[in-house]
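K.L.:
Let's see this in three dimensions:
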Amino acid sequence: MTTLTSEWAVTGSGVVVDAVPAMFPGLTWAGDELLASYSTVPDGWPGGTVGVVRSGDGGRSWSPPHTVAEPADGLDAVLNAVGMTTLRDGTVLLPYNGVRWTPGEGVGGRVISLHLLRSADGGRTWTGGAPIDLGFHGPCVYGRLMELPGGRLLWPVWGQRTVAERWRSVLLESADGGHTWSVGATIGYDPDARLAGAYATPAEGGLGADGNPDVARTADPDFRPHSPIDGFTETTVVPTGDGRLLAVLRQQGVGGDDTMQLFGSESADDGATWTTPALIGFAGMSPLLHRAADGAILLATRRFAPEGGPTPAGVEVRVSQDGGRSWSAPLPLRDPHGYQHTAEYQCGYPAMADLADGSVLTVFYSYAPGRGRFLAWNTLRLGGTR
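P.N.:
Numbering: from 1, shown residues only. Okay, the predicted model is just below:
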């Protein structure tokens, strides 16, 4: 169900990182500073690195970029997406993937490894990064790590448990502060998911005629890769404040859907079991759930805006005042350069953090001609004016 108004408004906008290609941000408080992470390439394209920037003034200004992970040991790229978090003891955890491309096999031939960096000094220095082998064929990082009241950690990832299956959304679990992990509950899985139609076969998905990635294509404004695997993908999880965990899941072809409708699921036992994912009533990609200080739950997404359709590309936020059971109409986020996006994958992947004045900082990637993809910020406030 959708209500008529969100009662929230965009009250400011600006740039986080535009000196390098930057996308897929994470955002967390590290002491009295904000820390934002980013990737330099989409979808693990060769050469990708992971960097961080920091802000001591609530996101208005940011430090120069600092690379914290780069491909090594036979990897072609590393990338992160959204998941960075700070534990109650101050430890910052930054999950990322390593990617190795199989020559001639395209996007479906990527070999994906799982990695986790730790920082005990607010993101200035990092340790860790060794591959985490859980017997999972392709664990892709996405959702923000969560620390439950008892100290147990939940880490939403998506991918293939075995090479033959469709994509699934799962939780990884840790009982020792993230030093060791195990595969926990599945949130969503459809063994018959199939995406058909024009959206499943973009005219150019960034691959050359030889099936290998064309690095130059990633800078094109209309770049949109596609994988032949379908199912439940990017998953975001948040506590609702009433004892439940709420998950929102991106998907491709679940139940035969070709319009990228979002699904929702709930857990009443700290993530041990989940309800069967159900449609929440609207489409979107790169979902991000955030529980604001006033108890409202914000859901930020990239719009489903296929080429040639009536919907303009962009990032938007919906608000729920009832724990995710109903959602407001969408509030569009603002590009700081005033650019109107012309292609779906020019923007997306929001991350959020509360500010001291009660507003919510939202960081996402955007696009501008001559700049390419960069990180932008918006501030959102309940009852604010645009």
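
K.L.:
burial measure for D57, as a count.
P.N.:
Neighbour count of D57, defined by other C-beta atoms under 10 Å: 9. Quick note: C-beta positions are derived from backbone N, CA and C, even for glycine.

K.L.:
Distance check, it against S63.
P.N.:
Distance, D57 to S63, by C-beta to C-beta, to the nearest Å: 11 Å.

K.L.:
what sits against G108?
P.N.:
The neighbours of G108, taking C-beta atoms under 8 Å, 6 or more residues apart in numbering as the test, are 227-229.

K.L.:
okay, now the residue lying closest to P213 once chain neighbours are set aside: neighbour count?
P.N.:
Spatial nearest neighbour of P213, excluding adjacent residues (C-beta to C-beta, 6 or more residues apart in numbering): W45 at 5.4 Å. Per other C-beta under 10 Å, the neighbour tally for W45 reads 24.

K.L.:
I'd assumed W45 was in a helix, is it?
P.N.:
No - counting by DSSP: H, G, I helix; E, B strand; the rest coil, W45 is not found in a helix; it is coil.

K.L.:
tell me the pLDDT at it?
P.N.:
pLDDT recorded at W45 is 93.

K.L.:
what residues are up against it?
P.N.:
Counting by C-beta under 8 Å, 6+ apart, W45 touches 77, 206, 213, 215, 218.

K.L.:
ok, so of those residues, who is nearest D354?
P.N.:
Within the contacts of W45, proximity to D354 (C-beta to C-beta) peaks at A77, which comes in at 32.1 Å.

K.L.:
Skip the chain neighbours and tell me the closest residue to the closest one.
P.N.:
Nearest non-adjacent residue to A77, counting by C-beta to C-beta, 6+ apart: G48, 3.6 Å away.

K.L.:
Tell me who's in contact with the closest residue to T201 other than its chain neighbours.
P.N.:
Spatially, and ignoring its direct neighbours in sequence, T201 is nearest to H226 (7.2 Å; C-beta to C-beta, 6+ apart). Residues in contact with H226 (C-beta under 8 Å, 6+ apart) are 107, 200-202, 205.

K.L.:
Please report phi then psi for H226.
P.N.:
Main-chain dihedrals, H226, degrees, to the nearest 10: phi -150, psi 140.

K.L.:
wait, doesn't P369 sit right on Y339?
P.N.:
Yes - in this structure P369 lies within contact range of Y339 using C-beta atoms under 8 Å: 7.4 Å.

K.L.:
Have a look at these two and say which one is more surrounded.
P.N.:
Between P369 and Y339, counting by other C-beta under 10 Å, Y339 is the more crowded of the two (15 against 9).

K.L.:
Isn't the more buried one up against R371?
P.N.:
No - assessed by C-beta under 8 Å, Y339 is found out of contact with R371, at 9.2 Å.

K.L.:
Now do the shared contacts for those two.
P.N.:
Joint contacts of Y339 and R371 (C-beta under 8 Å, 6+ apart) do not exist.

K.L.:
Tell me, how many residues neighbour G295?
P.N.:
12.

K.L.:
ok, it - contacts?
P.N.:
So G295 contacts 241, 321 (C-beta under 8 Å, 6+ apart).

K.L.:
could you redo the last one with a cut-off of 10 Å?
P.N.:
240-242, 320-321, 323 (C-beta atoms under 10 Å, 6 or more residues apart in numbering).

K.L.:
ok, now L153?
P.N.:
85, 87, 93, 145-147, 171-179, 181.

K.L.:
Test of understanding: give the bridge partners of it.
P.N.:
Beta bridges link L153 to E147, S174 when assigned by DSSP bridges.

K.L.:
let's number from 135 now, not from 1
P.N.:
Noted, 135 is the first residue going forward, which turns the last one into L287.

K.L.:
per-residue confidence at it?
P.N.:
L287 is given a pLDDT of 98.

K.L.:
what does A412 give?
P.N.:
pLDDT, A412: 98.

K.L.:
where do the strands sit along the stretch 185-334 of the chain?
P.N.:
Along the stretch 185-334 of the chain, counting by DSSP state E, counting those that start in this stretch, strands occupy 200-203, 211-213, 219-220, 226-235, 244-253, 261-262, 274-275, 280-281, 287-293, 302-308, 316-323.

K.L.:
Of the ones you listed, which is nearest T410?
P.N.:
Nearest to T410, of the strands of the stretch 185-334 of the chain and by C-beta to C-beta, is strand 316-323 at 8.2 Å.

K.L.:
The closest one to strand 302-308, inter-axis angle?
P.N.:
160 degrees (axes from the mean of the first three to the mean of the last three C-alpha atoms, to 10 degrees).

K.L.:
Restrict strand 316-323 to CA atoms and write it as PDB.
P.N.:
Only the C-alpha atoms of strand 316-323 are listed here, as PDB (Å, rounded to 0.1, in the frame of the first residue of the first chain):
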ATOM      1  CA  SER A 316      29.200 -19.300   8.700                       C
ATOM      2  CA  VAL A 317      26.400 -19.400   6.200                       C
ATOM      3  CA  GLY A 318      23.000 -18.800   7.900                       C
ATOM      4  CA  ALA A 319      19.500 -18.500   6.700                       C
ATOM      5  CA  THR A 320      18.300 -18.000   3.200                       C
ATOM      6  CA  ILE A 321      16.000 -15.000   2.900                       C
ATOM      7  CA  GLY A 322      14.900 -15.600  -0.700                       C
ATOM      8  CA  TYR A 323      15.400 -18.200  -3.400                       C
END
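
K.L.:
Now do the shared contacts for D191 and S197.
P.N.:
Here D191 and S197 have E167 as joint contacts, going by C-beta under 10 Å, 6+ apart.

K.L.:
Any stretches of the stretch 335-484 of the chain with poor pLDDT?
P.N.:
By pLDDT under 70, the weakly predicted segments of the stretch 335-484 of the chain are 336-338.

K.L.:
before we move on, what about the stretch 135-284 of the chain?
P.N.:
When residues are selected by pLDDT under 70, those of the stretch 135-284 of the chain lie in 135-140.
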